[in-house]
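Peer 1: sequence first, predicted model second:
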Amino acid sequence: MHILYIHQYFASRKGQTGTRSYEFARHLVGRGHAVTMVTSGLANREFPVCPGEPCCERELDGIRVVSVGGGYNDPNVGTSLHGWQRMLKFYQFAQAASQVGKGLGRPDVVFATHTPLTVGLAGAALGRYFDTPFVFEVRDLWPEALVNVGALTNPMAIWWLQRMARRIYHQADHIVALSPGMKDGVVRTGVAPEKVTVIPNASDLDLFRPGLDGSASRARLGLGDRFAAIYFGAMGLANGLDYVIDAARILAERGRDRIVLVLHGGGGKRAELEALARQYGLKNVVFSDLVPDKEEMARIVAACDVCLTIYRATREHTWSPNKMFDALAAGKPVLINVPGWLGETIERNQCGRCLDADRPQALADTLQELSNQPELCRQMGRNARALAEREFDRRLLAQRLEDVLTNAVIRRTK
């Protein structure tokens, strides 16, 4: 098969964001398929645009990577933009991907991965242009996810995105959802359940692993012999990391100086979080800057004792965050404040704790518990790695995606 794969935020392991598309594309190439990846070349240090050209082509591990001049590649850029500015950038990428995609040769299937939702417009347009099946991957429910965290309140904008989502879902030949909750959300729009396949995020079992030496990172961050909990990822409105700052303040008030919280990453809320930590005079919070690649990120995770998966408290809990699956692969206990399928998975497999998202003292209490019981912490870590190997091995999930794409082509042929 020739697969035209569209992902605005595409990155390899040398990048600073999720590598699901890279790993899946690499698997597909290894299985003998041709993969053309269309991504944004703006704010992209890996695959920048060529000045004066509509696109640039490069080869990476057998993947034909085409970067276009629209949108932006680094998701952290978006956290500092107003909503209307982000939406304009999203439309610019969708338009550029559609225009450039028409000149890349006829594919057997078009596969577009959300976010943003607008990438589905490009996928649907190219599917029609080439008269080939269009498969859409839903990594987040829009506009529901934006409304739930308070990032979107304009009724007209909500209506417009709802209309766009329904249109894209119904135009797709098949849909991949990253969680059961996302599948339910798609089905609520009138899509038949059998048209949606759940393929969650995968654990990178090679890059994140138990036994990895994180001593250099631990020294660089000044953690000493303290019990360290790390959050790594975007620091935006949806992440609700004031929850972590409040837990750190509670621990400081209790005199638990041997527990430290590491916040690694960037985003629109980082400066506010740093100011809040200074306001409270906290010495038990360490802010860590973005690193050049995911290999270094894996060493930073190895330097810590537990991992945090934190989101702002909302009514809906449909996420499938990369950070949780990487933490499982690293063999670290996961402390998560997201109920639903994520929290249930962690609790059921005894590889961490699901916390009340409205009570930061629950995080403080759990960190005290695990710091006082090192063997419990280690056992949770072993359970985490076992879960990653058993249910979230990237090779198994990549094969599931290959089956979805192959079946879409077969159905269209028939």
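Peer 2: Structure's in. What do you need? Because the structure is predicted, anything quoted here is derived from the model rather than measured.

Peer 1: hey, let's count contacts and neighbours off CA atoms from now on
Peer 2: Will do.

Peer 1: now the strands: where do they sit in the chain?
Peer 2: 2-6, 34-40, 55-60, 63-68, 109-113, 134-138, 174-177, 196-198, 227-232, 259-264, 285-288, 306-309, 334-336, 352-354 (DSSP state E).

Peer 1: any low-confidence regions in this structure?
Peer 2: By pLDDT under 70, the weakly predicted segments of the chain are 16, 79-80, 149, 314-317.

Peer 1: quick check: domain ranges of it?
Peer 2: Domain ranges of the chain: 2-202+393-413, 215-391, per automatic domain parsing.

Peer 1: hang on, the earlier thing: now distance to residue 273 too, for the strands of the chain, in CSV please.
Peer 2: As requested, the strands of the chain are exported to CSV (distance: least, Cα to Cα, whole Å):
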stretch, distance to residue 273
strand 2-6, 34
strand 34-40, 29
strand 55-60, 37
strand 63-68, 34
strand 109-113, 31
strand 134-138, 30
strand 174-177, 32
strand 196-198, 35
strand 227-232, 13
strand 259-264, 9
strand 285-288, 9
strand 306-309, 16
strand 334-336, 19
strand 352-354, 23
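
Peer 1: helices of the stretch 151-300 of the chain, start to end?
Peer 2: 155-171, 180-187, 215-221, 242-253, 270-280, 294-302 (DSSP state H, counting those that start in this stretch).

Peer 1: quick one: which of those is nearest residue 56?
Peer 2: helix 294-302 (24.2 Å; Cα to Cα).

Peer 1: in a markdown table: the domains of the chain, plus distance to residue 209 and mean neighbour count.
Peer 2: Below are the domains of the chain laid out as a markdown table (distance: least, Cα to Cα, whole Å; neighbours: other Cα atoms under 10 Å):
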| stretch | distance to residue 209 | mean neighbour count |
| --- | --- | --- |
| domain 2-202+393-413 | 13 | 19 |
| domain 215-391 | 4 | 20 |
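
Peer 1: would you list those domains in TSV and tack on distance to residue 208?
Peer 2: Listed next are the domains of the chain as TSV, based on distance: least, Cα to Cα, whole Å:
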stretch	distance to residue 208
domain 2-202+393-413	12
domain 215-391	5
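
Peer 1: who's in contact with residue 351?
Peer 2: Contacts for residue 351 (Cα atoms under 8 Å, 6 or more residues apart in numbering) come out as 332-334, 379-384.

Peer 1: list just the nearest of the residues you listed to residue 107.
Peer 2: residue 384 (39.1 Å).

Peer 1: so who does that closest one touch?
Peer 2: Contacts of residue 384 by Cα under 8 Å, 6+ apart are 327-329, 331-334, 349-352.

Peer 1: next one: residue 76
Peer 2: Contacts of residue 76 (Cα under 8 Å, 6+ apart): 234, 266-268.

Peer 1: show me which pair in those residues is furthest apart.
Peer 2: Maximum distance among the contacts of residue 76 (Cα to Cα): 8.6 Å, for 234 and 268.

Peer 1: picking up where we left off before, same list, the contacts of residue 351, but as TSV with distance to residue 39 please.
Peer 2: Formatted as TSV, these follow (distance: Cα to Cα, whole Å):
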residue	distance to residue 39
332	32
333	34
334	32
379	41
380	38
381	36
382	37
383	36
384	33
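
Peer 1: tell me the one among the residues you listed nearest to residue 108.
Peer 2: Out of those, the member with the shortest distance to residue 108 (by Cα to Cα) is residue 384, at 38.2 Å.

Peer 1: how far away is the closest one from residue 211?
Peer 2: 14 Å (Cα to Cα, to the nearest Å).

Peer 1: next one: residue 95
Peer 2: From residue 95 to residue 211 the distance is 46 Å (Cα to Cα).

Peer 1: residue 152 contacts residue 158, correct?
Peer 2: Yes - between residue 152 and residue 158 there is a contact under Cα atoms under 8 Å: 7.2 Å.
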